[in-house]
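A predicted structure for the sequence below; I have some questions about it.
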Amino acid sequence: MASLFCTPDRYDKTKVLLLDDGTTYFNVKIIPVASAKEVNNTRNHENGINALVSNINIESDTRTQFIPTLGTDIYAYTFGENLDNISIGGLGFLPCGSDENGFTQLVDFWSKNNVGKHGRACILYIGDNVYKAYLIQAEIGITEQLLGVFPFKFTFASLQFI
């Protein structure tokens, strides 16, 4: 069971914050292209990076042009759909009793799996949905206020729903 030593205001090894209660509300898994460890929120992060997935956003839109006339008519021309932008974010962490560093693992995941590295897509499992998606952006941070926790966000461009 992963946990962190912290208090709300500073790093303190006298308090333990439980990170995994043994249940998963909504399954999320990112199968990497070139890295052995995946990002997931399954129990105890088995075979995965030391990170908790806490948010998912899927942005979908179309290529549509609206042309108003001098009267009350408006013409709408649609040119299909754009790629979905899927962002998956959460917190990387330093687990107790381990040398595995969530920050380093997240940076390594980006460097090995971004589309610019090899042009290949990752597979995303979000609940019961499966996406083929290119990793196009990453934000990975460190905060001085809560040592040992690293906020991250990966952004994908989804080619298709599988």
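Ah, there it is.

if I look at residue 154, how far off is residue 78?
According to Cβ to Cβ, to the nearest Å, residue 154 and residue 78 sit 30 Å apart. Where you see a C-beta, it was placed from the backbone N, CA and C, and this is true even at glycine.

Name the residue in these two with the higher neighbour count.
residue 154 (26 against 9; other Cβ atoms under 10 Å).

what is the more buried one paired to in the beta sheet?
Beta-bridge partners for residue 154, by DSSP bridges, are residue 88, residue 138.

Could you do residue 68 as well?
residue 74.

doesn't residue 76 make contact with it?
No: Residue 68 is beyond contact range of residue 76, at 10.3 Å (criterion: Cβ atoms under 8 Å).

Between these two, which contacts overlap?
Listed as contacting both residue 68 and residue 76 by Cβ atoms under 8 Å, 6 or more residues apart in numbering is no residue at all.

Contacts only, for the spatially most central residue of the chain.
For the chain, the residue sitting closest to the mean C-alpha position, by Cα atoms, centre = their mean, is residue 88 at 2.4 Å. Shown in contact with residue 88 (Cβ under 8 Å, 6+ apart): 28, 30, 39, 53, 55, 56, 124, 126, 153, 154, 156.

Where strands are concerned, which of the residues you listed count?
28, 30, 39, 53, 55, 56, 124, 126, 153, 154, 156 (DSSP state E).

State the pair within these that is farthest apart.
For those, with distances taken as Cβ to Cβ, the pair at the greatest spread is 126 and 153 (14.8 Å).

So the two - more neighbours on which side?
Taking neighbours as other Cβ under 10 Å, residue 126 and residue 153 compare with residue 126 leading, 18 against 15.

List the residues that contact the closest residue to residue 59 other than its chain neighbours.
The shortest distance from residue 59 to any residue other than its chain neighbours is 4.3 Å, reached at residue 85 (Cβ to Cβ, 6 or more residues apart in numbering). For residue 85, the contacting residues are 57, 58, 59, 155, 156, 157, 158, by Cβ under 8 Å, 6+ apart.
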